[in-house]
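Asker: Need a 3D model of the following:
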Amino acid sequence: MPSQSRYRAADRRAFLLASASGFAGLQFGRPGPAWGETAGGTGDAQAGERDGIGKAKSVILFFLCGGASHVDTWDMKPAAPSEYRGPFSAIGTSAPDIRLCEHLPLLAKQAHHLAVIRSVNGTVSTNDHHAGYYYNLTGHVPDATFLSQGNNRRPYPDDWPYMGSVVVSRRAPTGTLPGLLSLPHMPSPAPYTRPGQFAARLGVEFDPLFILGSRDEPLRFQAPALTLSGDVTREQLQSRQELLSRLDVARRDFETFPAERLWKQHQQRALNLLLSADATAAFDVSQEPVAIRNRYGDSINATSLLLARRLVEAEVPFVTVFWQGDDSLRKKCKSAGSWDTHGNNFNCLKDDLLPEFDQAFSALVEDLAQSGLLEQTLLVVTSEMGRTPKIGDPRSGGPSGAGRDHWTHCQSVLMAGGGIRGGQVFGSSDRLGEYPNEHPLTPADIAKTVYAATKTEDLMAYDSEGRPYNLLEEGQPIHQLF
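Answerer: Just a heads-up that it's a prediction; the model follows:
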């Protein structure tokens, strides 16, 4: 970044600490329009209130990294042949129309809040994770580079933006917390960073701030901007900021350049976070009562959902929780330890993945419902793909390996809150769970539904030469959900 050299006269340690958070995804984007240059449309506010559309003030998107098996969770096929249905049974729930896997007993008690969407077709030519992330996070069909470059396909500056970036770009900033936060990690480890989770062509100022956590210390979350070196106090940093302000007088001529203005936006965002007591408190999950923490569970994914609830309370518009895999499951599940169950699918789900998900996500739904926040908070559970309805991944020994391979042709999405009517199933897959049957949808329809729930109506943007373009032309909101 050329403008970085202009700040070398300042204290480098204070500078690097203050700026780190602003550049979590900087290499993946380009400068875009400033706040307020693309105001949201007007629309019919009263009509939105009548049908529930536009009620979501915040979104928590829970992404089950790896590709969750739809046919073993929320779209089970008890009448299918044994080589498809697997050993799990479906159970009744608090909603007469919804049946879930027997290993989701806590979520079954909250099903009256859920909308289960069973007809999403996210087919991608590569049938892989990179393209699956991109399609489900942006709503855009992956381009030809995903096929030609495979796992070497990096996030590019001209990619389509993450739906969370689109939502926050249409809102004026409030308070000291950023509008878009992702936790507890950035999938996946470099150089295989998944495309689709950044603002890209919309502008790096709308990139998420990544809050990092770990399975070893699940109560500890931190961003670079919230961590000071032991010998640097807030007062010292504030004093240095005052000095930087004076030095800025000598650099005013440079501030006419867009890159310079963008740099200063990131620097100010990081300093605001570092000096904000509100921000520090919001990330301190240990402040929660022990009973609440126990209800969610003690895993990093559980505490990430608890942190997401705290951020919603702090009025953060969009929080993304990317499921963090467990390295100890790599050998057992023939995967990276997440939902990519190439082998031993049923034991991995029964013993590890489903109990952790069931406790944590049901706690989030229950918690938000009891606090009255669910009505204004949209919850979305999605993944980059479903899994093959027919049991047996060749990479783990075929049927004897009891795995399920990647399957982008059909998957399910869960929604709750934010104006969504609970206790319903929308769409269906065929009798084997291979392809959508009734009400076929795509990830573009899911993205448009998120936009409708958050009253994100203006999807026009402008390129570097001032030419207008639509951020997502495909898809329609699923109005029946509201």
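Asker: Please count neighbours and contacts with C-alpha atoms only from this point.
Answerer: OK.
Asker: Check the average confidence over stretch 84-100, would you?
Answerer: Model confidence over stretch 84-100 averages 97 on the pLDDT scale.
Asker: just how off-centre is that stretch within its chain?
Answerer: 26 Å (C-alpha atoms, centre = their mean, to the nearest Å).
Asker: same thing with stretch 171-189?
Answerer: On C-alpha atoms, centre = their mean, the centre of stretch 171-189 falls 10 Å from that of its chain.
Asker: What ranges in the protein fall below the confidence cut-off?
Answerer: By pLDDT under 70, the weakly predicted segments of the chain are 1-50, 224-280.
Asker: ok, now with 90
Answerer: Low-confidence segments of the chain (pLDDT under 90): 1-52, 151, 172-178, 189-192, 203-205, 209, 220-284, 395, 463-465.
Asker: so what's the spatially most central residue of it up against?
Answerer: A centroid search over the chain (C-alpha atoms, centre = their mean) returns Thr320, at 3.1 Å, as the residue closest to the centre. Residues in contact with Thr320, defined by C-alpha atoms under 8 Å, 6 or more residues apart in numbering, are 60-63, 180-183, 308.
Asker: make it 6 Å
Answerer: Taking C-alpha atoms under 6 Å, 6 or more residues apart in numbering as the criterion, Thr320 is in contact with 60-61, 182.
Asker: want to throw these into CSV with secondary structure and distance to Val124?
Answerer: Written out in CSV, the entries for these read as follows (DSSP: H, G, I helix; E, B strand; the rest coil; distance: C-alpha to C-alpha, whole Å):
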residue, secondary structure, distance to Val124
Ile60, strand, 25
Leu61, strand, 22
Ser182, strand, 25
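Asker: from these, which is closest to Asn127?
Answerer: Lowest distance from Asn127 to the contacts of Thr320 (C-alpha to C-alpha) belongs to Leu61, with 22.4 Å.
Asker: Can you tell me how far His342 is from Gly297?
Answerer: Counting by C-alpha to C-alpha, to the nearest Å, the separation of His342 from Gly297 is 26 Å.
Asker: Of the two, which one has the most company?
Answerer: Using other C-alpha atoms under 10 Å, the more surrounded residue of His342 and Gly297 is His342, with 28 against 23.
Asker: ranges for the strands of this protein?
Answerer: Taking DSSP state E, the strands of the chain run over residues 58-63, 90-92, 99-101, 114-120, 180-183, 209-210, 318-322, 377-382, 386-387, 406-407, 411-416, 424-426, 460-462, 468-470.
Asker: now Pro105, nearest residue through space, not along the chain?
Answerer: By the measure of C-alpha to C-alpha, 6 or more residues apart in numbering, the closest residue to Pro105 outside its immediate chain neighbours is Asp358, 7.3 Å from it.
Asker: burial count for that neighbour?
Answerer: Using other C-alpha under 10 Å, Asp358 has 19 other residues around it.
Asker: That one contacts Leu104, doesn't it?
Answerer: Yes: between Asp358 and Leu104 there is a contact under C-alpha atoms under 6 Å: 5.3 Å.
Asker: Other residues contacting stretch 208-221?
Answerer: Here stretch 208-221 makes contact (C-alpha under 6 Å, 6+ apart) with 180-185, 222-223, 285, 300.
Asker: domain parsing for the protein?
Answerer: 1-30+224-282, 44-223+290-481 (automatic domain parsing).
Asker: if you compare these, which one is most tucked away?
Answerer: The densest packing among those, expressed as mean neighbour count by mean count of other C-alpha atoms under 10 Å, is seen in domain 44-223+290-481 with a mean of 21.
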